[in-house]
Every structure is written in structure tokens, then in C-alpha cells.
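S.K.: Here's my sequence, what's the structure:
(2 chains)
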Amino acid sequence: MVDNKKIILEVNNLSKFFPVKRSVIDMITKKPVLNVKAVDNVSFKVYQGENLGLVGESGCGKSTLARTIIRLYEPTAGTITFKNKDFTTLEANELRKSRTDIQMIFQDPYSSLNPRMSVYETLAEAIKYHKICEKDKIPSKVNELMDVVGIPRYAANRFPGEFSGGQRQRIGIARALAVEPEIILADEPVSALDVSIQAQIINLINELSEKLGLTVLFIAHDLGVIRYITDRVIVMYLGKIVEIGNTKDLFTHPKHPYSTILTNAAPELDPRLRSKEILIEGEIPSPINVPTGCRFHPRCPIAFERCKIEEPILTEYENDRMVACHKPY
Amino acid sequence: MKKILEINGLVTSFILKDETIQAVQDVSFYVNQGETFGLVGESGCGKSATCRSVLRLIRDPGKILNGEIIYKGIDLLKLTDEEMVNYRGSEIAMIFQEPMTALNPVLTIRKQIYEALKRQKLSKNDMEIKAINLLKKVGISSPEQRLDNYPHQFSGGMRQRAMIAISLASEPALLVADEPTTALDVTIQDQIIKLINNLKIEMGMSIILVTHDLGVVAQMCDRVAVMYAGKIMESADTLTLFSTPRHPYTIGLMNSIPHTDKEHGKLIPIEGNPPNLSNPPIGCPFEPRCRYSEEICKTKEAELIEIGEGHKSRCHFIDKLIDVKGIIEK
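M.R.: The predicted structure is shown next:
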């Protein structure tokens, strides 16, 4: 856990909208441009050395948020500050240098590695490009990385296709670590893996973050994984943060009705605890026409008049908890 | 209890040019009338190949090489292709993991339900009433309008509901569900689990549920078989399996699931990877990853033997596991 809370990354009022494609007829009839509000006015802080979870269902904007933070997407509005440096306004060549600060691990180790590059080439390329060490030290650096993630050294000349899913994810992790980043953004790093392999990778990420003092932003839809691996957690719904808190507190006493439902929705592992009651009706509305007021109100079990009109603000409560709800539990 | 389906010694292989993948190796189990039987395991363990074999949906280069699949006293493997048509879809229906690939994208939901109703020779009016009732039953709101939608106009959860409606159209006695909730978000998964559970009781169906998720097993299954490398490793009623697992693989699976915080339950992964099924080990297929293995496991595979009432395990060293606690207490 974090003792001296040093902010390493700060996201302020960040938004990312994607315009909806318009037909010629739409343009002639001057229909207004519609936007998918994937991330809408989101602010939070990341502390040095913590494991911060980002959780929500598909379409809540968690992946877009991660990709906007490392500027794979250009933000529509807002700022991202990394160690007092404004990440949002960096020019291309400065941005390239700053890529060594934040690295990403992707969900699908099959599509995120170049199939025509061996493990050695994949890792050496990153080291060379970012000039991490002297040229003659590259082989030993690659070996070191392979040891760290548990890929045997004799496999250095093999290609991604020759590895299993779990091993590929290890290579993906080594690739991210190659440039010695301070922050790792892990976007659903274990959801494509079988449980027995998933547990190996979760433990690996856990060990690495402790050993190397990494800050990890861990994105997942699996609440079991989030509960296990993170110190703090952010819950998102339809492009907005609904709750932030210490993982333990949030899972035992969720304050936002959506967090409550989400933490209860994962199927209970005890066959005696079966209920017939459906937790929540309906599905996530379209992010193009977001509901007025609180975005969760059409599905919320405790919504009242005010929720339909007025959007709740993310407000601070005790124990570093923040909740965006007019009537938190 | 009456058995609706009994599988004996099923062997299904995929015969490729230079190798044969033994996907299902001598699998036997039965499903009682009105119960949900789970087949659980990780990718490549043969759970999907087993349930597709039941419907004889194994395509080239796959072949069912041996065994019996006895449905209501008739061996489905002995039927001609024409005779099998009378069972597939009407007596035994199937729902798939990815509704977008299972539904026909160029036909409206109406047409797809009508197709499933064709055998019942109803009048047009009756068909429409029945189709609307089916959509209502699976929880699709304003079914009258939704009937003329195409699958792409439905969300993921609604497509899965539509697929369930189509599979129920013929009132099957046995429903084979292959990872029905895996592609869905947790809140939608919760809705679909409860929907299938309720429909089972309402319609008196039996279900074979294929899943990799032990949580889904706990919420849906009466009895369950754990598969690994094409074989059943352990089978029991769900409560027994979760409270007193008696196979190292089942125990390993349970220790791999993150379900609480770090301090309360450290994850203990199963090291290594599953074996290659074109060249399976001679002994126990789990031996290379097993923490209890001894010399004998490398050369001789254990039989699947009864170790308690309705509880079977395939392990030489069940004695070593006697004190192992499951994921819940009985």
C-alpha cells in the first residue's frame, strides 16, 4: 500500500468523444453532429506505487480512458499530468520520449505482439529505440527481462505463434517493462486466459509491482480479479466515474447503487446461495443519447425525482471515498 | 430418478493430415430428468466437443469414433442423418456462446422463430401468438415490435435471449447450453442465469451446461463433471464438489479463482500448461502440473472410481487429499 501519498498521475476533467459518422443526407439536412461520449469529464489521481483498479461493464469507457491517458487517442478536453508535466500538450517528439514513463499491457496477447518478430527482437527493439542501455548490453538486458517474467532463455529466438496464451502475455509484460516505465496500464490483461493461467499472470503482475515499485492501473471487468489485485478502485458507468474508494471498503460497503449491484452480480461460488431475484433489469443505455440527470437513474432501484434532472457530482466522503449519487448508501 | 441421457465411452477425435487430436477420450456420464448437469473445464478440455457430439454436430475433420449416446432409450449414434433431424432442435436444442454468429444476420427474429416452429404445423396466426409469447417468456419487452427486428438491432444480452427463445420454440426435453453467458457482462449474465434456471423449472427441461466458470456452475448445476485433457477427472453433486473436491485438478482450479482479497485467500496457480492432445501423456494427463504426483502417475493413469455417493475421482492418491477443504464449507 501507499504510505506517503505522492501523486504520480493526475487526470482532470478528461473527456473523449467520438463523432458518429454522418451520411450525406444528414449533412444536407443539417442534422446535428452526434457524439459517443465514451469518457465524459472524468477526474482522478493516481498515487505512486499503488495498484489502482478501473472496473465497469463493456462500453463504460474504461479502455478509452486508458488509451486517452497514454494518448493513443487525443483527448477531447481535459488534462493529464504526469509528475507535474502536462501530458496532454506534448509534441510528437516529446511524447515519444515520454512513452517510457507509461507503458501498456493489452488484453489480447495474440494481436498485440508482432508475429514476425522473435521474443529477442521484440524486446531488443524497444530497448534500442528508447536507448535504455548501451548497445552491447542489450542481450543481457533481454535475458534479465525474460527471467523476470518467467520465459526460459532458450526460447529467445521463438516467435509469438510458438507460445501459449499465458506465455504470450508474459512476453507482453516483458515488452512493457523493457523501457523501465513508472506506470503500467494493464487493459484486461487476464480476461482472455483460462483461470489456472490467469492466476499465474495475476501473481506475476502483483510480484512485479511490489518488486519494481511500479504503479499499476489495472482495468478489468472481473470483480474477483480487481478485488484481489488492487489497493483502490474506480467504478465507471457510461463514461462517468460513479465511485472511488479503497478496494476493501468499496467491496464490503459500496455506497453507489451501481457499485452495490456490480459487486453482487458476480455469481456466488456457493450453490446454496442461489437467488431467483434479478439484481438489475435492462441494459446499459446508448452512450450517444445519455439519460438526463444521473446516467444510472433509469436502472437505479432507489432513483427519485431529483436523479432524473440533476446530475450528481463526485463528492468526497470519509476514508478517501468519492461517490456521485444524490442518495448514497 | 429417470435418466434422460446416458453417454457411455464417448470418443471424439479430430483427424488432421499429420496428427490426430483426441478431444474426447472415453467420456461417460448421465443426465437425470429435470436436472442441470455441468461440464466444466478450461479451453481445449473437450467440454464443447462432448456436447456437440450429443447433437452429432461434429464436423469434418472431427469424428465420433466410439461410444453410445442414449437419449430416452435410443442410441443417437445409430440413427441415420435423416432420423437425427427429428431429434436435433426439437427434442434436443442447443444455445451457443456467441449469439451473433449463431443467429442468421439476414433473417428477422420472426423468421428465425417461425423456422423453429415449422414442425408444429400451426396456422399463421397461432405462430405469431406463439412467437410473441416466447419472446415475452425470455424477457424481451414490446415483443410485437421486436419480432421484425434483425439480430444486429438487438444488444448482446437481447440476442442471447432471442437465441434462447428460438431454442425453446420446439419445447425441447433437453437443452444443451455451451457457455451461454460467457460473452455477456456480469449484470446481464445474472439475468440470463436466472432466466434459464426459471425456464428449466417452468418447462421441466433437462440441461447440459458447458462452462469454464465455477461461479456459473454453483448458480446453475445440480451435478457436475470436471474435464481435463479430454477426460472426466471428477464428478459429483455440486455441493459435494465445492465443499470436498477430491482431485488435484479440481482443487487447483478452485485455488486459482480470485474471490476475495489478497490477505484472505492467496491465489495458488496451477503451474505449466495443459498437454497437447495430439500426443497426450501415457500416464495421468495432469501429472506434469500436479503437486501430489508420484512415479506411478507418469506411467499409469488412474481409473475414474466411485469414492463416495455419486462422487467419482480419477486419482491414485485420493488418500492424500482427504483433508483438503473446498471453496465452501459443507
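S.K.: residue boundaries of the strands in the chain?
M.R.: Chain wasn't specified; assuming chain A. A:7-19, A:35-47, A:51-55, A:77-82, A:85-86, A:102-105, A:183-187, A:215-220, A:232-237, A:240-246, A:315-317, A:321-323 (DSSP state E).
S.K.: right idea, wrong chain: chain B
M.R.: Under DSSP E, chain B gives strands at B:3-15, B:20-32, B:36-40, B:62-71, B:74-75, B:92-95, B:174-178, B:206-211, B:223-228, B:231-237, B:305-308, B:311-313.
S.K.: Check which helices and strands the first one is in contact with.
M.R.: Using 3 or more Cβ pairs under 8 Å, 6 or more residues apart in numbering or on different chains; DSSP states H and E as the contact criterion, the neighbours of strand B:3-15 among helices and strands are strand B:20-32, helix B:47-54, strand B:62-71, strand B:206-211. C-betas here are computed from N, CA, C, even on glycine.
S.K.: List the neighbouring strands of the third one plus their orientation.
M.R.: By that I understand strand B:62-71. Applying DSSP bridges to the sheet, strand B:62-71 is found paired with strand B:3-15 (antiparallel), strand B:74-75 (antiparallel).
S.K.: contacting residues around the longest one?
M.R.: When you say that, I think you mean strand B:3-15. The contact list for strand B:3-15 (Cβ atoms under 8 Å, 6 or more residues apart in numbering or on different chains) reads B:20-33, B:46, B:49-50, B:53-54, B:58, B:61-72, B:173-174, B:206, B:208.
S.K.: Kindly supply the ChimeraX command isolating those of the residues you listed that are buried.
M.R.: Here is the ChimeraX command that selects only those of the contacts of strand B:3-15 that count as buried (16 or more other Cβ atoms under 10 Å in any protein chain shown):
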select /B:21,22,23,24,25,27,28,29,31,46,49,50,53,54,58,62,64,67,69,70,71,72,173,174,206,208
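S.K.: Turn the strands of chain B into a markdown table, columns for distance to B:Asn149 and mean pLDDT.
M.R.: Below are those laid out as a markdown table (distance: least, Cβ to Cβ, whole Å; pLDDT from 0 to 100):
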| stretch | distance to B:Asn149 | mean pLDDT |
| --- | --- | --- |
| strand B:3-15 | 34 | 96 |
| strand B:20-32 | 34 | 95 |
| strand B:36-40 | 30 | 97 |
| strand B:62-71 | 34 | 96 |
| strand B:74-75 | 38 | 96 |
| strand B:92-95 | 19 | 94 |
| strand B:174-178 | 23 | 96 |
| strand B:206-211 | 27 | 96 |
| strand B:223-228 | 36 | 98 |
| strand B:231-237 | 41 | 97 |
| strand B:305-308 | 50 | 95 |
| strand B:311-313 | 46 | 97 |
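S.K.: re the thing from before, which of the strands paired with strand B:62-71 is buried the deepest?
M.R.: The highest mean neighbour count among the strands paired with strand B:62-71, using mean count of other Cβ atoms under 10 Å in any protein chain shown, belongs to strand B:3-15: a mean of 18.
S.K.: tilt between that one and strand B:36-40?
M.R.: 20 degrees (axes from the mean of the first three to the mean of the last three Cα atoms, to 10 degrees).
S.K.: now the angle from strand B:3-15 to helix B:47-54?
M.R.: Going by the same axes, to 10 degrees, strand B:3-15 makes 110 degrees with helix B:47-54.
S.K.: one step back: make TSV from the strands of chain A and add mean neighbour count, mean pLDDT and distance to chain B to it.
M.R.: Shown next, in TSV, are the strands of chain A (neighbours: other Cβ atoms under 10 Å in any protein chain shown; pLDDT from 0 to 100; distance: least, Cβ to the nearest Cβ, whole Å):
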stretch	mean neighbour count	mean pLDDT	distance to chain B
strand A:7-19	18	95	19
strand A:35-47	20	94	15
strand A:51-55	25	96	10
strand A:77-82	18	95	27
strand A:85-86	12	90	32
strand A:102-105	23	94	18
strand A:183-187	24	95	15
strand A:215-220	25	96	10
strand A:232-237	25	96	11
strand A:240-246	24	97	11
strand A:315-317	11	95	21
strand A:321-323	21	97	17
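S.K.: For the stretch 51-200 of chain B, what lies in contact range of chain A?
M.R.: Counting by Cβ under 8 Å from any Cβ of the partner chain, the stretch 51-200 of chain B comes close to chain A at B:155-158, B:185-191, B:193-194, B:197-198.
S.K.: Run through who's touching the longest helix seen in chain A.
M.R.: Identified as the longest helix of chain A according to DSSP state H is helix A:195-211. Residues outside helix A:195-211 that contact it (Cβ under 8 Å, 6+ apart) are A:49, A:51, A:148-150, A:164-166, A:169-170, A:173, A:177, A:184, A:186, A:189-190, A:193, A:214-216, A:218, A:225, A:228-229, B:42, B:212, B:214, B:252-253, B:255-258, B:262, B:267-271, B:273.
S.K.: ok, now stretch A:9-18?
M.R.: A:35-46, A:61, A:64-65, A:68-69, A:73, A:75-83, A:102, A:183, A:215.
S.K.: quick one: that stretch to chain centroid distance?
M.R.: Mean-position distance between stretch A:9-18 and its chain equals 13 Å (Cα atoms, centre = their mean, to the nearest Å).
S.K.: try stretch A:301-315
M.R.: That offset, for stretch A:301-315, works out to 26 Å (Cα atoms, centre = their mean).
S.K.: Buried residues, that stretch. List them.
M.R.: Buried, per 16+ other Cβ under 10 Å, within stretch A:301-315: A:303, A:307, A:311-312, A:314.
S.K.: Take those residues and lay them out in TSV including pLDDT and distance to chain B.
M.R.: Below are the buried residues of stretch A:301-315 laid out as TSV (pLDDT from 0 to 100; distance: Cβ to the nearest Cβ, whole Å):
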residue	pLDDT	distance to chain B
A:Ala303	94	16
A:Cys307	96	19
A:Glu311	95	22
A:Pro312	96	20
A:Leu314	96	22
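S.K.: the bottom helix or strand of the chain by mean pLDDT?
M.R.: You didn't pick a chain, so chain A it is. Averaged element by element with mean pLDDT, DSSP states H and E, chain A has its least confident helix or strand at helix A:24-28 (a mean of 85).
S.K.: You answered for a different chain; I wanted chain B.
M.R.: For chain B, counting by mean pLDDT, DSSP H and E, that's helix B:99-102 with a mean of 83.
S.K.: Dump it to CSV, keeping only the CA atoms.
M.R.: Coordinates of the C-alpha atoms in helix B:99-102 are reproduced here as CSV (Å, rounded to 0.1, in the frame of the first residue of the first chain):
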residue,chain,number,x,y,z
PRO,B,99,-25.4,-15.3,-30.3
MET,B,100,-24.2,-13.1,-33.2
THR,B,101,-22.6,-16.0,-35.0
ALA,B,102,-25.4,-18.5,-34.1
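S.K.: outside of it, which residues touch it?
M.R.: So helix B:99-102 is in contact with B:95-96, B:151-152, B:156, B:159-160, B:162-163, B:183, going by Cβ under 8 Å, 6+ apart.
S.K.: Can you add neighbour count and give those residues back as JSON lines?
M.R.: Formatted as JSON lines, the contacts of helix B:99-102 follow (neighbours: other Cβ atoms under 10 Å in any protein chain shown):
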{"residue": "B:Ile95", "neighbour count": "22"}
{"residue": "B:Phe96", "neighbour count": "19"}
{"residue": "B:Pro151", "neighbour count": "21"}
{"residue": "B:His152", "neighbour count": "10"}
{"residue": "B:Gly156", "neighbour count": "17"}
{"residue": "B:Arg159", "neighbour count": "21"}
{"residue": "B:Gln160", "neighbour count": "30"}
{"residue": "B:Ala162", "neighbour count": "25"}
{"residue": "B:Met163", "neighbour count": "26"}
{"residue": "B:Ala183", "neighbour count": "18"}
